[in-house]
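*Asks:* sequence first, then the predicted structure, then my questions.
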Amino acid sequence: MIYLASPYTHPDPLIRELRYLQALKVCAARLKAGQMIYSPIVHCHDMAKVFGLPKDISFWRPYNFHMIDLSEEFKILRLDGWEASQGIAEEKTYAEEQDIPVTYL
């Protein structure tokens, strides 16, 4: 499975929605190509919105790290803001510590 990391947190809800849609597009294309892919943004964005779950990394860290543990590859979607993303930085470090290859889109 591919773990797709992408920036999410932003004070503007429209930016968060745009980031979600961009990750969704990548996941759809990868699934169409027969690749198994997981994106915490794609899989959890609506759940967080509908049920008022936190949007910060501290809440999602244990869940995301577990999903990284199940992955063979860690991909970073280089959207605007990816280099400043605390979540991506933490997840990338964790993936590297688990000897999971890190690549970029």
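*Replies:* That came through, no problem.
*Asks:* what's Leu24 in contact with, if anything?
*Replies:* 39, 41-42 (Cβ atoms under 8 Å, 6 or more residues apart in numbering). Yep, even glycine has a C-beta here, placed from its N, CA and C like the rest.
*Asks:* Gly52: which of those is nearest?
*Replies:* Nearest to Gly52 among those is Ile41, at 17.1 Å by Cβ to Cβ.
*Asks:* among the contacts of Leu24, which ones are in helices?
*Replies:* 41-42 (DSSP state H).
*Asks:* surely Asp69 and Ala95 touch.
*Replies:* No. Counting by Cβ atoms under 8 Å, Asp69 does not reach Ala95; the two are 9.4 Å apart.
*Asks:* per-residue confidence at Ala89?
*Replies:* pLDDT recorded at Ala89 is 96.
*Asks:* where's it, which helix or strand?
*Replies:* Assigned by DSSP states H and E, Ala89 belongs to helix 86-97.
*Asks:* in three-state terms, label Tyr3 for me.
*Replies:* strand (DSSP: H, G, I helix; E, B strand; the rest coil).
*Asks:* more neighbours: which of Asp69 and Ala95?
*Replies:* Higher neighbour count among Asp69 and Ala95: Ala95, with 22 against 12, using other Cβ atoms under 10 Å.
*Asks:* and the residue nearest to the more buried one when sequence neighbours are not counted, what are its bridge partners?
*Replies:* Nearest-residue entry for Ala95: Phe74, 3.8 Å, with adjacent residues in sequence omitted and distances by Cβ to Cβ, 6 or more residues apart in numbering. Per DSSP bridges, the residues bridged to Phe74 are Tyr3, Val102.
*Asks:* and Phe74, what does it touch?
*Replies:* Contacts for Phe74 (Cβ under 8 Å, 6+ apart) come out as 2-3, 5, 68, 91-92, 95, 100-103.
*Asks:* just Leu70 next, same as before
*Replies:* By Cβ under 8 Å, 6+ apart, Leu70 lies in contact with 1, 38.
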